[in-house]
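**Student:** Provided below are the primary sequence and the corresponding predicted coordinates.
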Amino acid sequence: MAEDTTRPLAVVTGASSGIGLELARELQRHGHDLLLCAEDAELDTARLELAAAGGDVRAVRADLATGEGAEALVAEVERLGRPVEVLALNAGVGVGGPFIETPLEADLRMVQLNISSVLHLAKRLLPAMVESGRGRVLITSSVAALMPGPWYATYAASKAFGYWFAEALRHELQDTGVTVTALLPGPTDTEFFARAGIEDTRAGTGPQDDPADVARDAVDALLDGDHRVVSHSWRVKALPLIKAAPEPLKSALHAMLTRRSDGGGPPEPVRGDPTR
């Protein structure tokens, strides 16, 4: 049975910490009820914290790196019977280190989370939004999507998918009342660098943006219907200026950020499964 509420519903993935949690906070401040999704136990803490601030806050603990996990979130949306006003596809992870040394399983799970879950949830939830004639979609990409990413090559490529997917969907949906916004954050103070095994790189040890600032930029752009937001600091916003450079130069410039901060070579390859 549909929920009896006039507050708009926002679905946020990767909402247990970092940018995802801040997106949820910001959307709540804009008057949205929340349906949160993440795989880790931090999700319960995030739900309780947000619920204390008011409004209806639900959570689905699911592994979005699997089709079953994505369908669990879809099933909860359908069970609520409420139109999705905001769909924030934010869940993602990185895998750092030389490509030939990182575990195949870690790269494949990252692709499942960063690419397949975005495609899966968009395919399942967008049709109803289009049918209702309204809605906002946010896809979290990265400034890493704008150039080749040595020492986390698969990650940068996966974020390029998110960016160009968002831009293409925006064009297709331009007359439907549903807008799509790509979020391209730079280095941000979250668990990303530690989980990806690149915390000792120049990007990992250098200045990082506050995830709350990134989320504020993102939600402002999302609700305004902008096509892209490059957040947050001037350092990050200057990165797209190199887009006219040849690809080998972009690779070399990017590699300067993903090398070890002590001036050495590439970071050690991540071990284990960074999606958990």
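**Tutor:** Everything's here; your move.
**Student:** which parts of the stretch 51-200 of the chain are helices?
**Tutor:** Assigned by DSSP state H, counting those that start in this stretch, the helices in the stretch 51-200 of the chain fall at 67-80, 104-111, 117-132, 153-172, 192-196.
**Student:** how about those helices, which one is nearest G14?
**Tutor:** In terms of C-beta to C-beta, the element of the helices of the stretch 51-200 of the chain nearest to G14 is helix 117-132, at 9.5 Å. From N, CA and C alone the C-beta is placed, and that goes for glycine too.
**Student:** tell me the buried residues in the closest one?
**Tutor:** S117, V118, H120, L121, A122, R124, L125, L126, M129 (16 or more other C-beta atoms under 10 Å).
**Student:** circling back: export the helices of the stretch 51-200 of the chain as JSON lines, with columns for distance to P8.
**Tutor:** Listed next are these as JSON lines, based on distance: least, C-beta to C-beta, whole Å:
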{"stretch": "helix 67-80", "distance to P8": "12"}
{"stretch": "helix 104-111", "distance to P8": "31"}
{"stretch": "helix 117-132", "distance to P8": "11"}
{"stretch": "helix 153-172", "distance to P8": "20"}
{"stretch": "helix 192-196", "distance to P8": "29"}
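**Student:** re earlier: return the member of the buried residues of helix 117-132 nearest to V229.
**Tutor:** Out of the buried residues of helix 117-132, the member with the shortest distance to V229 (by C-beta to C-beta) is V118, at 17.0 Å.
**Student:** quick one: distance of the helix or strand where L21 lies to the chain centre.
**Tutor:** Here L21, judged by DSSP states H and E, is contained in helix 18-29. Centroid separation between helix 18-29 and its chain, computed with C-alpha atoms, centre = their mean, to the nearest Å, is 12 Å.
**Student:** averaged pLDDT, it. What do you get?
**Tutor:** Averaging pLDDT along helix 18-29 gives 97.
**Student:** now swap in stretch 91-103 and tell me
**Tutor:** Here the average pLDDT along stretch 91-103 is 94.
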